[in-house]
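1. Kindly return the folded structure for what I paste below:
(one chain, ligands or ions: 1)
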Amino acid sequence: MSIKEEITRRRTFAIISHPDAGKTTLTEKFLLYGGAVQEAGSVTARKKQRASTSDWMEMERKRGISITSTVLQFEYNGYKINLLDTPGHEDFSEDTYRILTAVDAVVMVIDAAKGIEAQTRKLFEVCRKRNIPIFTFMNKLDRPTREPLELLDELENVLKIGAYPINWPLGTGMDFKGVFDRLNKEVHLFERAVGGVFKAPVSIMDLKDPFVSERLSESTHKTVLEEIEMLDIAGEEFHPERVFSGEITPVFFGSAMNNFGVQLLLDNFLKYSLPPGSFTSLKGETILPEDEAFSGFIFKIQANMDPRHRDRIAFLRVCSGKFVRNINVTNASTGKKIRLSNAHSVFGQQRETVDEAFPGDIVGLIGNSNFGIGDTLTENEAIVYKAIPQFAPEHFIYLNNPDTSNYKRFRDGLEQLLQEGVVQSFQLKNNYREVTVLGAVGPLQFEVVQYRLKSEYNAESVSEPTQWSLMRWVSPAIDESELTNHVLPVGAVLAGDNKGRNVILFTSEWSLQHFMDKHPKIIISDTPFEELEAAKV
Ligand code: G4P
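-> The predicted structure is shown next:
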């Protein structure tokens, strides 16, 4: 197969949702279609099995959250699908955002009884910025839900995205009888059976067909007819290009648990999403996937994923060319030349050596401690990809080591977790002693740090609150001498981030605003300045 053919058959995406909407269940059903798992329940079972064999997973289990992410690759109908799992906890986590920089599309799962929830909205905003196709799956139609039209309105009003329902529910809750595929004019009937049953869809001329009316109650039939008429007259029109550009989201109704509507979603997803596309380099050049030189970037680093191995995996998204085992590349961020010999595909806990990979694929590079998040690895040294966005933390703690005899373990563990980007670190300046402050966008990250320090490095730690709640990067054009304690508001401090860039930590929104009003020439930002520059290219 040519590289072009390999690219065309690839799809790389993530599922985003608020916890409990059904992401794990849907993932599992996708894998069933791909033949990647043999029986329903195995992903959940694996989730539980992992939970019992690792301390860290124990935290996941207790909190009912998924902290780790894995990459799932499977084949379906000639397509090669890379599904990137995103952590599903309610806390805002930078990790999820980094993963979303490596995908070309997302499936957004919504619990149809609840509608759009906080985490869905945040994750959606990130995807929106990248203009990638977004597919919506309204889940749990087997139970009472909100009105389908109301759910569509919410997509349009809250998320401000046009919604086009590809299929439409025939009744809801106990009255749910199936869906009507609007593009193909087919009815898919729902039967309550454990694990779902496959039934061939039935083509109909229109919804007045007796095949439909006989199966629905009179009132449900009337409602469905009115709804479909309304959608046809007043709704969005379906243009695939508008899906490709992320302007409209195709909407599917179904029940992941009952395996209903999942295949419709998967087939349409493959039809209306795009194969891996081009990436823009820092210099503004367009790097096409079929370009000869191999290139990719590291979007995630994870240590100790498997407690038995105790190693470190850097996840690389292939952007252009072909990856082959033992390929010689340059780390464009450090200029170092490296041979990539230890490359794996990581499917949950299983690992397999990767001999070749194509744009859209994710490769797990094991054992190289010099890689950092956002590093570009390439055969063409001229290619450097833009940095992965960094977010200004809103929670800050001091993290101390109460037991000086294990200081080294504490230091090494913390260093590793900082390299993974679990939290950010800041060194206070103008201070009589060296003080490190940790910052995170969501406070759960601190718990993750403490838990992992203990379970993976056997290092105790004690956290102490700080007075800060906001942080801003200072323009590199501003000389440090201008940022004395006299200039900063009461309680605010100057610090350096892990790259030595100046930042100011503020105690409140009010204090930040006051500072900005008083010193308009001191330019500050909630994004690092190099990122702002790169965004202009
Ligand atoms: P998440 O990964 O988004 O957090 O959600 P997950 O798939 O774990 O699903 C959350 C709960 O919702 C699970 O129930 C799951 O069985 C249920 N669920 C998923 N899809 C459907 C659906 O289509 N209909 C209904 N009625 N329920 C659905 P649980 O009780 O938390 O776990 P379990 O014991 O069933 O595994």
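2. and the one helix or strand residue 417 maps to, which residues are buried?
-> According to DSSP states H and E, residue 417 maps onto helix 407-420. Using 16 or more other Cβ atoms under 10 Å as the burial criterion, the residues of helix 407-420 that qualify are 409, 410, 413, 414, 416, 417, 418, 419, 420. All C-beta atoms are positioned from the backbone trio N, CA, C, and that covers glycine.
3. Report all helices and strands that that helix contacts.
-> Judged by 3 or more Cβ pairs under 8 Å, 6 or more residues apart in numbering; DSSP states H and E, helix 407-420 is in contact with strand 295-303, strand 424-428, helix 444-457.
4. how far does the helix or strand following the first one sit from the chain's center?
-> Beyond strand 295-303 on the C-terminal side, the first helix or strand identified by DSSP H and E is strand 312-320. In this view, strand 312-320 has its centroid 15 Å away from the chain centroid, taken as Cα atoms, centre = their mean, to the nearest Å.
5. relative to strand 295-303, how tilted is strand 312-320?
-> 160 degrees (axes from the mean of the first three to the mean of the last three Cα atoms, to 10 degrees).
6. Strand partners (parallel or antiparallel) of strand 312-320?
-> Sheet pairing for strand 312-320, assigned by DSSP bridges, gives strand 295-303 (antiparallel), strand 362-366 (antiparallel).
7. Quick one: name whatever helix or strand follows it.
-> Counting by DSSP H and E, the next helix or strand C-terminal to strand 312-320 is strand 323-324.
8. For that following strand, which outside residues touch it?
-> 294, 296, 340, 343, 354, 355, 356, 357, 358, 361, 363 (Cβ atoms under 8 Å, 6 or more residues apart in numbering).
9. Low-confidence ranges, the protein, go.
-> 36-69, 87-92, 193-203, 205, 305-310, 346-350, 432, 535-537 (pLDDT under 70).
10. make it 80
-> 34-70, 85-93, 191-206, 235-236, 303-311, 345-352, 367-369, 430-434, 531-537 (pLDDT under 80).
11. Would you mind listing what in it touches the ligand?
-> For the chain, the contact set with the ligand under Cβ under 6 Å from any ligand atom comprises 17, 19-25, 44, 88, 139-140, 142-143, 255-258.
12. For the buried ones among those residues, write the corresponding PyMOL selection.
-> A single PyMOL command is used to select the members of those judged buried by 16+ other Cβ under 10 Å:
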select buried, resi 17+19+21+22+23+24+25+88+139+140+142+255+256+257+258
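13. quick revisit: list buried residues within the contacts of strand 323-324.
-> 294, 296, 340, 343, 354, 357, 358, 361, 363.
14. Which strand residues bridge the closest residue to residue 273 other than its chain neighbours?
-> Closest residue to residue 273 apart from its sequence neighbours, by Cβ to Cβ, 6 or more residues apart in numbering: residue 105 at 4.3 Å. On the basis of DSSP bridges, residue 105 is bridged to residue 13.
15. So what's the residue count around residue 105?
-> 20 (other Cβ atoms under 10 Å).
16. Go ahead and confirm it touches residue 270.
-> No - taking Cβ atoms under 8 Å as the definition, residue 105 is not a contact partner of residue 270, at 10.1 Å.
17. Mind listing the shared neighbours of those two?
-> residue 11.
18. Let's verify residue 143: helix, strand, or coil?
-> With DSSP: H, G, I helix; E, B strand; the rest coil as the basis, residue 143 sits in coil.
19. who's in contact with it?
-> 113, 173.
20. ok, it to residue 527 distance?
-> Residue 143 sits 42 Å away from residue 527, going by Cβ to Cβ, to the nearest Å.
21. How about residue 404?
-> Distance of residue 404 to residue 527, given as Cβ to Cβ: 38 Å.
22. Same question for residue 389.
-> 7 Å.
23. So these two - more neighbours on which side?
-> residue 389 (18 against 14).
24. Would you mind giving the secondary structure of that one?
-> Applying three-state DSSP: residue 389 is coil.
25. I figured it was touching residue 100, is that so?
-> No - contact criterion Cβ under 8 Å: residue 389 and residue 100 do not qualify, at 9.7 Å.
26. pretty sure residue 452 is touching residue 414, no?
-> No - in this structure, residue 452 is not within contact of residue 414 by Cβ under 8 Å, at 9.7 Å.
27. longest helix of the protein?
-> helix 218-234 (DSSP state H).
28. List the buried residues in the next helix-or-strand element following that one.
-> Per DSSP H and E, the first helix or strand lying C-terminal to helix 218-234 is helix 240-244. Within helix 240-244, the residues scored as buried using 16+ other Cβ under 10 Å are 242, 243, 244.
29. Also stretch 133-147?
-> 133, 134, 135, 136, 137, 138, 139, 140, 141, 142, 145, 146.
30. From residue 166, how far out is the residue in the stretch 51-200 of the chain positioned nearest to the ligand?
-> Here the residue of the stretch 51-200 of the chain nearest the ligand is residue 140; by Cβ to the nearest ligand atom that distance is 3.9 Å. Per Cβ to Cβ, residue 140 is found 18 Å from residue 166.
31. What count of nearby residues applies to the residue lying closest to residue 392 once chain neighbours are set aside?
-> Excluding its sequence neighbours, the residue lying closest to residue 392 (Cβ to Cβ, 6+ apart) is residue 526, at 4.1 Å. Neighbour count of residue 526, defined by other Cβ under 10 Å: 14.
32. sorry, back to before: hang on, the residue of the stretch 51-200 of the chain closest to the ligand packs against residue 260?
-> No - using Cβ under 8 Å, residue 140 is not in contact with residue 260, being 10.4 Å away.
33. which residue ranges form the helices in the stretch 251-400 of the chain?
-> Secondary structure of the stretch 251-400 of the chain by DSSP state H, counting those that start in this stretch: the helices cover 262-272.
34. I should have written the stretch 51-200 of the chain there, sorry.
-> Going by DSSP H, counting those that start in this stretch, the stretch 51-200 of the chain shows helices at 55-63, 94-100, 118-129, 148-158.
35. what's the closest non-adjacent residue to residue 97?
-> Nearest one to residue 97, counting by Cβ to Cβ, 6+ apart, is residue 126 at 5.5 Å.
36. That neighbour and residue 98 touch, don't they?
-> No - at 10.1 Å, residue 126 does not count as touching residue 98 under the criterion of Cβ under 8 Å.
37. With neighbour numbers in mind, choose between these two.
-> Set side by side, residue 126 and residue 98 show more neighbours around residue 98, with 22 against 17, by other Cβ under 10 Å.
38. Check the gap between that one and residue 160 for me.
-> Residue 98 is 24 Å from residue 160, by Cβ to Cβ.
39. One more: residue 8?
-> Applying Cβ to Cβ to residue 8 and residue 160 gives a distance of 32 Å.
40. Comparing these two, which shows the higher neighbour count?
-> Set residue 8 next to residue 160 and count neighbours by other Cβ under 10 Å: residue 8 wins out with 18 against 10.
41. Look up how far residue 74 lies from the more buried one.
-> For residue 8, the distance to residue 74 - Cβ to Cβ - is 17 Å.
42. Quick check: the residue of the stretch 401-537 of the chain nearest the ligand.
-> Counting by Cβ to the nearest ligand atom, the stretch 401-537 of the chain gets nearest the ligand through residue 444, at 15.1 Å.
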